[in-house]
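Visitor: give me a 3D structure for the following:
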Amino acid sequence: MDYIDIRGETGMALCSDSARELNAREGETLRVAQTLTGWLFAINADGEPGWVPGETVSRQ
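Guide: Residues are numbered from 1 along each chain as shown. Alright, predicted model coming up:
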């Protein structure tokens, strides 16, 4: 999914986005909502959303 429509030296946002990184603890279960360029947008058990590096998450 493209987030920005680039037009020369400017661009237009195509959707809302958050650059918030989620602090995750070892062994914590996360619900993955989206993947993008090696990152996972996840939600923890407390309902906190954020991005987590994909290489730090084990899929079961």
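
Visitor: C-alpha only now, for contacts and for neighbours.
Guide: Will do.

Visitor: mind telling me what element the most centrally placed residue in the chain is part of?
Guide: The chain has F41 as the residue nearest its centroid, 2.7 Å off, counting by C-alpha atoms, centre = their mean. Following DSSP states H and E, one finds F41 within strand 39-43.

Visitor: what does the very next helix or strand once past that strand contact?
Guide: Counting by DSSP H and E, the next helix or strand C-terminal to strand 39-43 is strand 49-53. With contact meaning C-alpha atoms under 8 Å, 6 or more residues apart in numbering, strand 49-53 is reached by 18-24, 38-43.

Visitor: give me every residue that touches the nearest residue to T35 once chain neighbours are set aside.
Guide: Leaving out its chain neighbours, the residue that sits closest to T35 by C-alpha to C-alpha, 6 or more residues apart in numbering is F41, at 6.1 Å. F41 is in contact with 32-35, 49-52, counting by C-alpha under 8 Å, 6+ apart.

Visitor: dump stretch 40-58 to PDB, restricted to CA.
Guide: Taking C-alpha atoms only, stretch 40-58 is exported to PDB below (Å, rounded to 0.1, in the frame of the first residue of the first chain):
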ATOM      1  CA  LEU A  40       4.600  -5.100  11.800                       C
ATOM      2  CA  PHE A  41       1.800  -2.900  13.000                       C
ATOM      3  CA  ALA A  42       0.700  -4.700  16.100                       C
ATOM      4  CA  ILE A  43      -1.600  -4.400  19.100                       C
ATOM      5  CA  ASN A  44      -0.600  -5.800  22.500                       C
ATOM      6  CA  ALA A  45      -2.900  -7.300  25.200                       C
ATOM      7  CA  ASP A  46      -3.500  -3.900  26.700                       C
ATOM      8  CA  GLY A  47      -4.800  -2.500  23.400                       C
ATOM      9  CA  GLU A  48      -1.700  -0.400  22.700                       C
ATOM     10  CA  PRO A  49      -0.900  -0.200  19.000                       C
ATOM     11  CA  GLY A  50       2.400   0.500  17.300                       C
ATOM     12  CA  TRP A  51       5.100  -0.700  14.900                       C
ATOM     13  CA  VAL A  52       7.500  -3.500  15.800                       C
ATOM     14  CA  PRO A  53      10.500  -4.600  13.700                       C
ATOM     15  CA  GLY A  54       9.500  -7.900  12.000                       C
ATOM     16  CA  GLU A  55      12.800  -9.600  12.800                       C
ATOM     17  CA  THR A  56      12.100  -9.400  16.500                       C
ATOM     18  CA  VAL A  57       8.700 -11.300  16.300                       C
ATOM     19  CA  SER A  58       8.200 -15.000  16.000                       C
END
